[in-house]
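S.K.: Any chance you can model this:
(one chain, ligands or ions: 1)
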Amino acid sequence: MSVMRLGYVHLRVTDLDSAKGHYGTTLGMTETASEQGKVFYKGWDEYDHHSVVLEEGGVGLVKLGYKCETSEDIARYESRAQRFGASVARMSKGDNMAVGDGIRITLPSEHTVELYSDMEHLGTEPGVLNPESWPRFGRGVSVPRIDHALLTCEDPAMVERFFMECLDFRPSERVVTDPADPELIGTWLFCTNTPHDIAFIKGGNGKFHHFAYFLEDTSAILRAGDIFAMDDVPVDVGPTRHGITRGHTIYFFDPAGNRNEVFANGYITYPDFPTITWTADQLSKGIFYIGRELNERFTSVVT
Ligand SMILES: [Fe+2]
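M.R.: Below you'll find the model as predicted:
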């Protein structure tokens, strides 16, 4: 089987207490554990121990974790990544709280991605026997789960090739300078049946643009916007729709300046779907379909 999904996002935050207010109270994630300088969170519809790790000190991405189905899958990805020329190291159970053995890959983009197949299960409040549809006393936005991440890199074509050749991802949509003489400037890649489980746009290596939470529908996006107003959360863009992925969205910042997104209504993908191409002159419409304008902050602020 393949890489199953984005399992965790590990971020640095400047101040853990204010970050707890954002991720715990405003977004409504559940704190599942803490250790020196770190706190672990899950969304209400996530079974595993955590999906967000916050580490005090600085800002930006420490690493992403992608969950695989079996350890055999991880061994296959390990040999492919080594053949590709990426730096790959083994990680052991206990290196990350509640996470089993796996591998740690340094991507050609200098980001760290961990592959693992085992994480402690905590289950969800609705449970798996005659469950209610949602937790009745959720806090704030009450995010169900994380969805995807978008990173920047100097060579999107190289990183796309890595994810396709080594990890069996497929591109749903790509942005090129000119179809006649294409330079790839953005790629949206999936391993599930959503439009993207990871995406890269041209920029600095090792930088983090945002990660997103799945929300149920557009009314949940608008309700999230209301919560951001109540809690004085800095909003970057939205609510609006993306041309790429067709998702409805709001971008906003955590107190450290890491960009988050709430995302709903992206289309379903299948492996036989053709890849959609956007040209650079239509990028503004691809990113923000309604306003068709990229603000300076959206293109320049990364952590
Ligand atoms: Fe996104």
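S.K.: residues in the chain within reach of the ion, list them.
M.R.: Within the chain, the positions adjacent to the ion are A212, E261 by C-beta under 5 Å from the ion. Every C-beta, even on glycine, is put in place using the N, C-alpha and C of the backbone.
S.K.: All the helices of the stretch 51-200 of the chain, residue numbers only.
M.R.: Here the stretch 51-200 of the chain has its helices, by DSSP state H, counting those that start in this stretch, at 71-84, 156-167.
S.K.: any idea of the mean pLDDT in the shortest one?
M.R.: On average, the pLDDT along helix 156-167 is 98.
S.K.: what packs against it?
M.R.: If contacts are counted by 3 or more C-beta pairs under 8 Å, 6 or more residues apart in numbering; DSSP states H and E, helix 156-167 sits against helix 71-84, strand 170-176, strand 184-190, strand 198-202.
S.K.: Next, the angle strand 170-176 makes with the last one.
M.R.: Looking back up the chat, that one is strand 198-202. Per axes from the mean of the first three to the mean of the last three C-alpha atoms, to 10 degrees, the angle that strand 198-202 makes with strand 170-176 is 20 degrees.
S.K.: Run the chain-centre distance for strand 198-202.
M.R.: Distance of strand 198-202 from the chain centroid (C-alpha atoms, centre = their mean, to the nearest Å) equals 11 Å.
S.K.: any weak-confidence spans in this structure?
M.R.: 1 (pLDDT under 70).
S.K.: Return the set of buried residues in the longest strand along it.
M.R.: Secondary structure assigned by DSSP state E gives strand 3-13 as the longest strand of the chain. Applying a neighbour-count criterion of 16 or more other C-beta atoms under 10 Å, one finds V3, R5, L6, G7, Y8, V9, H10, L11, R12, V13 buried in strand 3-13.
S.K.: go on, stretch 9-28?
M.R.: The neighbour-count check on stretch 9-28 (16+ other C-beta under 10 Å) flags 9-13, 16, 19-24, 26-28 as buried.
S.K.: do stretch 252-267 as well
M.R.: By 16+ other C-beta under 10 Å, the buried positions in stretch 252-267 come out as 252-256, 258-266.
S.K.: and what of stretch 96-114?
M.R.: 96-100, 102-109, 111-114.
S.K.: and what of stretch 284-297?
M.R.: For stretch 284-297, a neighbour-count test (16+ other C-beta under 10 Å) marks S284, K285, G286, I287, F288, Y289, L294 as buried.
S.K.: which of the residues you listed lies closest to the ion?
M.R.: Distance to the ion across these (C-beta to the ion) is lowest for I287, with 9.6 Å.
S.K.: Among the buried residues of stretch 284-297, name the ones in helices.
M.R.: S284, K285, G286, I287 (DSSP state H).
S.K.: Would you tell me which one of the residues you listed comes nearest to F214?
M.R.: I287 (19.0 Å; C-beta to C-beta).
S.K.: Name all residues that make contact with G123.
M.R.: Residues near G123 by C-beta atoms under 8 Å, 6 or more residues apart in numbering: Y47.
S.K.: how close does it get to P271?
M.R.: 31 Å (C-beta to C-beta, to the nearest Å).
S.K.: again, but for E110
M.R.: According to C-beta to C-beta, E110 stands 29 Å off from P271.
S.K.: and the nearest residue to G7 once chain neighbours are set aside, how many residues sit next to it?
M.R.: Once flanking residues are discounted, G7 sits nearest to K67: 3.8 Å by C-beta to C-beta, 6 or more residues apart in numbering. By other C-beta atoms under 10 Å, 21 other residues sit near K67.
S.K.: now swap in the one 3 residues further on and tell me
M.R.: Counted by other C-beta under 10 Å, the residues lying close to T70 total 11.
S.K.: quick revisit: show me which of the ones in helices among the buried residues of stretch 284-297 is closest to P234.
M.R.: Checking those against P234 with C-beta to C-beta, the nearest one is I287 at 18.9 Å.
S.K.: for the closest one, what are its contacts?
M.R.: Shown in contact with I287 (C-beta under 8 Å, 6+ apart): H242, G243, I244, L294, F298.
S.K.: Could you tell me which of those belong to helices?
M.R.: Here DSSP H is the test, and these give F298 as lying in helices.
S.K.: before we move on, back to that, can you tell me which of the buried residues of stretch 96-114 end up in strands?
M.R.: Among these, DSSP E puts G102, I103, R104, I105, T106, T112, V113, E114 in strands.
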